[in-house]
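>>> Sharing a model prediction with you, sequence too.
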Amino acid sequence: MPDSLIPYDEIVQEALRAVVGRVLGSVASNGGLPGDHHFYITFKTQAPGVDIPQRLIERFPDEMTIVMQNRFWDLLVDDSKFSIGLSFNQVPSKLVIPYSAITGFHDPAVNFELRFQAQEGPEGPDPQESAENDGPTVTPVEDGSNVVSVDFKRKK
């Protein structure tokens, strides 16, 4: 297959990350999550623009997953990032996460999932376990329905 001069993979990834921003923007403007919806958001902790407490970086030096369900506050969403207040071991924390740092978004209530390639940067260690912020622990069902996986390989 010939190499494309159009960066389709980057365009699609950017568009799908915009889906996450639109969903979070809707939650922010409506004052909370509708129905049983809740989100698992996985992101690279060392990605440019990520701003999280040092203790979380030490515990999750490469990647972490947050749960956005019952207890969160100050959700602010713009075109390139979101910020949110969450509690970890009863310690309130503010996290700023650019969409470009997100590697996964999952809504177990409807089994909707998006997976992304990490943007720019060297490969790090294996992913860490979930951050276990003070939300309920729910194990997502992985039966493949409503899952969108984008895994483009770039030819060099």
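Structure received. Bear in mind the structure is a predicted one, so any value in this text is a computation, not a measurement.
>>> so where's this protein shaky on pLDDT?
In the predicted model of the chain, residues 1, 118-156 satisfy pLDDT under 70.
>>> any chance you could read off phi and psi for the closest residue to F43 other than its chain neighbours?
Nearest residue to F43, sequence neighbours excluded (C-beta to C-beta, 6 or more residues apart in numbering): A101, at 4.4 Å. Every residue, glycine included, has its C-beta placed from N, CA and C. Reported as degrees, to the nearest 10, the phi and psi values for A101 are phi -90, psi -10.
>>> just checking, A101 touches D51?
No: using C-beta atoms under 8 Å, A101 makes no contact with D51, being 10.3 Å away.
>>> These two: who's more crowded?
Neighbours per residue (other C-beta atoms under 10 Å) separate A101 from D51, with A101 holding more: 24 against 11.
>>> Give me the residue at the spatial middle of the chain.
Nearest to the mean C-alpha position of the chain, by C-alpha atoms, centre = their mean, lies I41 at 3.2 Å.
>>> does that one count as helix, strand or coil?
Of the three states, I41 takes strand under DSSP: H, G, I helix; E, B strand; the rest coil.
>>> Would you mark the buried spots in the one helix or strand L56 maps to?
Per DSSP states H and E, L56 falls inside helix 54-59. By 16 or more other C-beta atoms under 10 Å, the buried positions in helix 54-59 come out as L56.
>>> quick one: strands adjacent to the helix or strand following it?
The helix or strand immediately downstream of helix 54-59 is strand 63-68, counting by DSSP H and E. According to DSSP bridges, strand 63-68 forms sheet pairs with strand 39-44 (antiparallel).
>>> in the partner strand, what's buried?
So, applying 16+ other C-beta under 10 Å, buried residues of strand 39-44: F39, Y40, I41, T42, F43, K44.
>>> Likewise for stretch 93-101?
Going by neighbour count (16+ other C-beta under 10 Å), the buried part of stretch 93-101 is S93, L95, I97, P98, Y99, S100, A101.
>>> about what we covered before: is it possible to get TSV of the buried residues of strand 39-44 that adds distance to R71?
Shown next, in TSV, are the buried residues of strand 39-44 (distance: C-beta to C-beta, whole Å):
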residue	distance to R71
F39	13
Y40	15
I41	15
T42	19
F43	19
K44	24
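>>> from those residues, which is closest to E113?
Y40 (8.7 Å; C-beta to C-beta).
>>> Would you mind confirming that the closest one is in contact with T103?
No: Y40 lies out of contact with T103 (C-beta under 8 Å); the separation is 11.2 Å.
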